[in-house]
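In: generate coordinates for the sequence data below:
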Amino acid sequence: GRTILGPAQEAWFAGGLAHASTRWNVIAQQTLMAQLARGEHGEPDFWHDGWDGYAPARQRLLDAVAASPVHDTLVLSGDVHSFWAADLKRDFDAPDSATVASEFVGGSITSQGEADSRVQIHVEHNPHIRYGRGGRNGYALVTLDAKMARVAFRAVDDVKQPQSGISTLQSFTVEAGKPGVSLG
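Out: Modelled structure (predicted):
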């Protein structure tokens, strides 16, 4: 019965998706939506403050995305102070399950997150997570056109220097009609 959106907003959201008629649906929301099993040694462990603590509500949302006539959906997320790119699945526990959307978490300009060594352990144990990067600060730059979404994770060299350099950590594409994150 736990929900992030609440029943009325869930219904409103599903109704909007059911009648969508654009090339891209872009969902901007507060935290990592992809399942992130954080446990080690075969023991799953989930962070319950994010969508993992609201798994049935996440499933309803992803079911609404899958049922939408618009099959090009990007989820833009934040709040976890690290960079993530993920395939959002109908069933995260089944790696061959259909991908219904692509998620990008744009990092944090100044807040510190998990060390990159820890993030890489999470990536290794979650096959739908296509990229993760901790220990860097920055943002995501998103460009959309009729054929493709392009996302660049941009990082500042030094958060304490106003004139800091900025570089691209990783670039991604999502081809229209083919949900799922591609590197490059």
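In: in contact with the most centrally placed residue in the chain: list those residues for me.
Out: The chain has Glu103 as the residue nearest its centroid, 2.8 Å off, counting by C-alpha atoms, centre = their mean. By C-beta atoms under 8 Å, 6 or more residues apart in numbering, the residues touching Glu103 are 32-34, 74-77, 84-88, 181. Where C-beta positions appear, they are placed from N, C-alpha and C, glycine not excepted.
In: helix, strand or coil for the residue of the chain most remote from its centre?
Out: Distance from the centre of the chain peaks at Gln163, with 29.1 Å (C-alpha atoms, centre = their mean). What DSSP: H, G, I helix; E, B strand; the rest coil gives for Gln163 is coil.
In: do Tyr54 as well
Out: helix.
In: and for it, the neighbour number?
Out: By the criterion of other C-beta atoms under 10 Å, Tyr54 has 19 neighbours.
In: numbering from 115 from now on, please.
Out: Let's use 115 as the start, then, which means that last one is Tyr168.
In: that one and Leu119: what is the separation?
Out: 9 Å (C-beta to C-beta, to the nearest Å).
In: picking that back up, which residues does the residue nearest to the centre of the chain bridge with?
Out: With DSSP bridges as the criterion, Glu217 is bridged to Val189, Ala200.
In: you'd agree Ser216 is up against Pro293?
Out: Yes. If you go by C-beta atoms under 8 Å, Ser216 and Pro293 touch, sitting 5.8 Å apart.
In: spit out the residues that contact the two alike.
Out: Shared contacts of Ser216 and Pro293, counting by C-beta under 8 Å, 6+ apart, come down to Thr187, Asp201, Leu202.
In: export those to JSON lines and tack on neighbour count, pLDDT and distance to Gly115?
Out: Shown next, in JSON lines, are the shared contacts of Ser216 and Pro293 (neighbours: other C-beta atoms under 10 Å; pLDDT from 0 to 100; distance: C-beta to C-beta, whole Å):
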{"residue": "Thr187", "neighbour count": "24", "pLDDT": "96", "distance to Gly115": "26"}
{"residue": "Asp201", "neighbour count": "22", "pLDDT": "98", "distance to Gly115": "28"}
{"residue": "Leu202", "neighbour count": "28", "pLDDT": "98", "distance to Gly115": "22"}
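In: do a quick rundown of the helices in this protein.
Out: Assigned by DSSP state H, the helices in the chain fall at 121-132, 169-181, 230-239.
In: pick the most deeply packed of those.
Out: Mean neighbour count (mean count of other C-beta atoms under 10 Å) peaks for helix 169-181 among the helices of the chain, with a mean of 17.
In: and that helix, how far out from the chain middle?
Out: Averaging C-alpha positions (C-alpha atoms, centre = their mean, to the nearest Å) puts helix 169-181 14 Å from its chain's average.
In: who touches it?
Out: Contacts for helix 169-181 (C-beta under 8 Å, 6+ apart): 116-119, 124, 127-128, 131-132, 139, 141, 147, 149, 165-166, 187, 202-204, 212, 214-215.
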